[in-house]
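[1] build me a structure from this.
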Amino acid sequence: IISLYETMRETLIYLTHLDPSDMEDIMNDKLSKQLNNEEWSWKNLNSLCWAIGSISGAMSEDHEKRFLIRTIKDLLNLCEGKRG
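    Now for the predicted structure:
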């Protein structure tokens, strides 16, 4: 099972190298669907967070910083919405 996760991680990294902005858009779209309950589930959220973490270092530093700041803000909003 570890080799499966490593293969998935490598694939996400390769795709990110091909088009970092597209990967950012895909991840942000999936996160938006979590926020608006369109695809909400703990499993989906866990998978998305794993995917975001797996591409760490695959974008330029500035691009990744901007992406992570937005992601963290959205996750905090999600926590607030699920708590309240």
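[2] tell me where the chain has helices.
    Ranges of helices in the chain, per DSSP state H, are 2-18, 20-35, 42-54, 61-83.
[3] shaky segments in the protein?
    Applying pLDDT under 70 to the chain flags residues 84.
[4] can you tell me the centre-most residue of it?
    Ile52 (3.3 Å; CA atoms, centre = their mean).
[5] OK, contacts around it?
    Ile52 makes contact with Met27, Thr71, according to CB atoms under 8 Å, 6 or more residues apart in numbering. To be clear about C-beta, it is placed using only N, CA and C from the backbone, and glycine gets the same treatment.
[6] tell me the buried residues in stretch 7-20?
    Counting neighbours by 16 or more other CB atoms under 10 Å, one finds that the buried residues in stretch 7-20 are Arg9, Leu12, Ile13, Thr16, Pro20.
[7] over to stretch 67-77?
    Phe67, Thr71, Leu75.
[8] cool, and stretch 75-84?
    For stretch 75-84, the neighbour count (16+ other CB under 10 Å) marks Leu75, Leu78 as buried.
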